[in-house]
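Q: got a structure for you, letters missing:
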């Protein structure tokens, strides 16, 4: 199967960029086999494949890049936004979609954190209950031991059990 140059470049950039992804993760995400990705990486290191960031499809931007572009676009007026989108090779739909993805991601992360917090609170509560139960059992055992020693001393029993 033949892949576009922009797809190759975006995958190589994600592999070798400042925030690299694993080959396996990229393979799952893009549907390109790991062997093919390894081959592209090898070609890029040998200098046979140029990494040109202007050729990368917006579809393969990392979450960090998408967020950065969203924040840059949010500061612009409508006229400036049009030229910004043309310079970046984007459509306004990209920004809308990325904004929605970001919001969904934040909601998912928030609900996961809430679930994790609730689970940890329950675990702490259970551990405190268990610790209190064990403290009571230890106090009871200590009291019984003291009483046994006193009884042995009263009975005149000099042999310890």
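A: Everything's here; your move. Quantities reported herein were computed from a predicted structural model and do not represent experimental measurements. Residues are numbered from 1 along each chain as shown.
Q: who are the neighbours in contact with the spatially most central residue of the chain?
A: Closest residue to the average C-alpha location of the chain: residue 109 at 9.0 Å, with CA atoms, centre = their mean. Residues in contact with residue 109 (CB atoms under 8 Å, 6 or more residues apart in numbering): none are found. Bear in mind the C-beta positions are built from the backbone N, C-alpha and C, glycine included.
Q: How about the contacts made by residue 70?
A: Taking CB under 8 Å, 6+ apart, one finds 95, 98-99, 102 in contact with residue 70.
Q: Can you tell me which of the residues you listed is nearest residue 77?
A: residue 95 (14.3 Å; CB to CB).
Q: Distance of the closest one relative to residue 109?
A: 21 Å (CB to CB, to the nearest Å).
Q: confidence score at the residue nearest to the centre of the chain?
A: Per-residue pLDDT puts residue 109 at 82.
Q: Just the element for it, please.
A: Assigned by DSSP states H and E, residue 109 belongs to helix 92-155.
Q: what about that helix, distance to the chain center?
A: 23 Å (CA atoms, centre = their mean, to the nearest Å).
Q: lowest-confidence helix or strand of this structure?
A: Taking mean pLDDT, DSSP states H and E as the measure, the helix or strand of the chain with the lowest value is helix 5-16, at a mean of 77.
Q: Against which helices or strands is that helix packed?
A: Other elements packing on helix 5-16 under the criterion 3 or more CB pairs under 8 Å, 6 or more residues apart in numbering; DSSP states H and E are helix 23-30, helix 34-46.
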